[in-house]
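>>> next one to model:
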Amino acid sequence: MNLPVATPLAQWREAAHASLQRGELQQAAALFQRILEQLPDDVEALQVLGTAQLAAGDFSAAAQTLQQALQRAPELFVERLRLGVALERLDRPQDALTAYFGALRTAQNQGRWLGDDTTAPGLRDAVKHSMRYVDAGRPAWFRQVLEPLQQRYGVAQMRRVADCLASYLGERPVATPDPRQRPKFLYFPGLPSQPYYPRERFPWHAELEAATASIRQELQAVLAQRDSLEAFLDAPPPGQMQQAMLQSSGPQPAAWDAYFFYRHGERYDAHAAACPRTAALLDGLPLTRIPGHAPETLFSVLTPGTHILPHTGVTNLRLVTHLPLLVPADCALCVGGELHAWREGHCVTFDDTFEHEAWNRSAETRVVLILDSWNPDLTDAERVAVTELIEAIGQFNRASGA
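Residues are numbered from 1 along each chain as shown. Take a look at the predicted model:
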């Protein structure tokens, strides 16, 4: 079918759809190629062209086209699957692995590919192949990280790290000693299972508490400019709804705001400059430091009537410390069903993989300084190992687009 160059884009698209309905994939791709000359970011055109290139055996071109489509529409899990096929045929096993994993994770997050009943018949064989590929390749990927650590420190020193990785990969159940403890990401076995940790485990509490007045003074300047605060909760990923985390017991909407010094390991330099004494103190503490992940330190601000509903944290590798700065009456923290009433200037450290909640039932603002530190029952070698492991997990997930 030869259409004049002047044919409107809408007619080209209509003709391409007609070709698809007749099963003429290559003809449809040729029409969409014309559309791409006019609209290089057209996702539908990139989808069809990449599929046609894959069917024709032009795997290099297919990989490039499908990657372009995914840059514009990362939620397209079928295109991620096809990208994995192209990369596997190009003998790029690590790239194929992350593409397949990203396809499966993206689809399953949208309720698809959970079984034959949620998988299109024409895709079932390819989806099952990708699952087998991931099941074989993903453990090998992470054990490559663990192997040199075992050589450096010894297998016995890395036993708990190896067990932690096995649980993360789903090869062994996450068996917490206490049913109240439900880590969302990574459970490290063999650590004490307790909601609150005794303060004598953290000799640096004294230094932090002694600086309460100077930290509070900098906080007051922050609160005088409310536009410097941001919502603590991230917006949900595309296609997913935000789980209800906040509830109001008063006339105004619930709000959990934050003034970050570090978030996901990234330093907020402007905030540090605005609160130099607080920032200097934090930088001198033994915080958990994992590039791209930790530390997370902030002024945590609960407006009047705000209730942070029960939830669990990501890992027991690190613990959470609160230094209460502004605590009106009728405010509390509850971890594992055990109530703790904040006292200004007195630190409390807890394991947030236990279900926990917090509330401000007063008519005033509540603020605590939050920071995370290593679980003191980890060895130095284990800290090094889990840092490298979590970095590798983050790199894998970013490469997969998951």
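
>>> residue contacts, the nearest residue to residue 361 once chain neighbours are set aside?
Leaving aside its sequence neighbours, residue 361 sits nearest to residue 330 (CB to CB, 6 or more residues apart in numbering; 4.2 Å). In short, each C-beta sits where N, CA and C put it, glycine included. Residues in contact with residue 330 (CB atoms under 8 Å, 6 or more residues apart in numbering) are 360-362.

>>> I'd like the distance between residue 330 and residue 224.
25 Å (CB to CB, to the nearest Å).

>>> also residue 66?
Between residue 66 and residue 224 the distance is 51 Å, computed by CB to CB.

>>> the more surrounded of these two?
In this view residue 66 and residue 224 are compared by other CB atoms under 10 Å, and residue 66 has more residues nearby, 29 against 8.

>>> next one: the more buried one, what pLDDT does it get?
On the pLDDT scale, residue 66 is placed at 95.

>>> distance of it relative to residue 46?
Residue 66 sits 7 Å away from residue 46 when distances are taken as CB to CB.

>>> now do residue 358
Distance of residue 358 to residue 46, computed by CB to CB: 46 Å.

>>> name the residue in those two with the higher neighbour count.
More neighbours surround residue 46 than the other of residue 358 and residue 46, with 27 against 22 (other CB under 10 Å).

>>> pLDDT (mean, whole number) over the helix or strand encompassing the more buried one?
Following DSSP states H and E, one finds residue 46 within helix 43-55. Helix 43-55 comes out with an average pLDDT of 89.

>>> return the distance of that helix from the chain's centre.
In terms of CA atoms, centre = their mean, to the nearest Å, the centre of helix 43-55 is found 30 Å from the chain centre.

>>> next one: stretch 321-337
Remark: stretch 321-337 is offset 26 Å from the chain centroid, using CA atoms, centre = their mean.

>>> start and end of that stretch, how far apart?
Using CA to CA, to the nearest Å, the end-to-end distance of stretch 321-337 comes to 18 Å.

>>> how about stretch 188-207?
Terminal residues of stretch 188-207 are spaced 29 Å apart (CA to CA).

>>> flag every buried residue along it.
188-189, 191, 193-197, 202, 205 (16 or more other CB atoms under 10 Å).

>>> relative to residue 79, how far out is residue 44?
Using CB to CB, we find residue 44 at a distance of 11 Å from residue 79.

>>> out of the two, which sits in the more crowded spot?
A count of neighbours by other CB under 10 Å puts residue 79 above the other of residue 44 and residue 79, at 25 against 15.

>>> wait, doesn't the more buried one sit right on residue 47?
Yes. Counting by CB atoms under 8 Å, residue 47 is a contact partner of residue 79 at 5.9 Å.

>>> which neighbours do these two share?
In contact with both residue 79 and residue 47: 66, 69, using CB under 8 Å, 6+ apart.

>>> that older thread, farthest-separated two in the buried residues of stretch 188-207?
By the measure CB to CB, 189 and 205 form the most distant pair in the buried residues of stretch 188-207, at 26.8 Å.
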